[in-house]
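Chemist: build me a structure from this.
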Amino acid sequence: MSGGYFDYQQYRIHDIAESIKELIASNNDDTPAEFGGTVGNMFSQETIAKFKEAELTLRKAEAMAQRVDWLVSSDDSEESFHSRWKEELDNRDD
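Modeler: Numbering: from 1, shown residues only. Coordinates of the predicted model:
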């Protein structure tokens, strides 16, 4: 497996982004929850917009950490680092 400089902790960033994505998707779910209330949190659209911003930022942070990890772990050259950074981060359509 490639990388390892950060002990693969960038995948924790991925998990947080996925959890936020799930919160966004379930926000308006009025299905009764097991212990009362509803499955969805019913946050305002203003709050959900911030959740979306957080998810995108975390996904960028994950990609950034991955690129640095692979460079310092000697899995990528500096040329590959810059090429992949440009491909994965500079050209994103968020």
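
Chemist: hey, let's count contacts and neighbours off CA atoms from now on
Modeler: Noted.

Chemist: tell me which residue lies nearest the centroid of the protein.
Modeler: For the chain, the residue nearest the mean C-alpha position is residue 59 (3.0 Å; C-alpha atoms, centre = their mean).

Chemist: what helix or strand does that residue sit in?
Modeler: Take DSSP states H and E as the rule and residue 59 turns out to sit in helix 45-72.

Chemist: quick one: buried residues of that helix?
Modeler: Neighbour counts over helix 45-72 (16 or more other C-alpha atoms under 10 Å) mark 48, 51-52, 54-56, 58-72 as buried.

Chemist: so what does the next helix or strand after that helix touch, helix or strand wise?
Modeler: Proceeding N to C from helix 45-72, the next assigned helix or strand is helix 78-85, under DSSP H and E. Contacts of helix 78-85 with other secondary structure elements, assessed using 3 or more C-alpha pairs under 8 Å, 6 or more residues apart in numbering; DSSP states H and E, are made with helix 45-72.

Chemist: report the angle between the helix it packs on and helix 78-85.
Modeler: When axes from the mean of the first three to the mean of the last three C-alpha atoms, to 10 degrees is applied, the directions of helix 45-72 and helix 78-85 differ by 160 degrees.
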